[in-house]
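Asker: Just to be clear, the model below is a prediction. Sequence and coordinates:
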Amino acid sequence: MVTITKVAEQKIRELMTEEKDVVGLRVYVRGGGCNGYQYGMAFESKMAEDDTVIEMGDVKVIMDSQSAPMLQGAEVDYVDSVQGSGFSIKNPQAKTTCGCGSSFSA
């Protein structure tokens, strides 16, 4: 299961109010990046039948059937620091990650 920190949950909720027809935040893995796979996130207006959905109150995090196993045990957080702000994913399945934290190898 993917966990969402309270800070990330609050930020997702805040950003969802600025979007139209959003049902949740899709978190996915796709090929690419400097380590073979990279993370992606986008607000979603619809869900597929085989999506995995994690609900935290009115916040939904959506994963497609191929990404869900690769994100098993991951934590989605929102970081606001001097270097910048944004969502980050801590994935215990990632063997190596790049410096920017958006790509990994499994």
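Answerer: Right, received. Where do you want to start?
Asker: which residues touch the residue nearest to the spatial centre of the chain?
Answerer: The residue lying closest to the centre of the chain (C-alpha atoms, centre = their mean) is Val27, at 3.5 Å. Contact analysis of Val27 by C-beta atoms under 8 Å, 6 or more residues apart in numbering lists Val2, Tyr39, Gly40, Met41, Val61, Ile62, Met63, Ser67, Leu71, Val76, Ile89. Every residue, glycine included, has its C-beta placed from N, CA and C.
Asker: List the strands paired with the strand or helix carrying it, with their directions.
Answerer: Using DSSP states H and E, Val27 maps to strand 24-31. In the sheet, strand 24-31 lines up against strand 37-44 (antiparallel), strand 59-63 (parallel) (DSSP bridges).
Asker: For the last one, what is the distance to the chain centroid?
Answerer: On the basis of C-alpha atoms, centre = their mean, to the nearest Å, the separation between the geometric centre of strand 59-63 and that of its chain is 8 Å.
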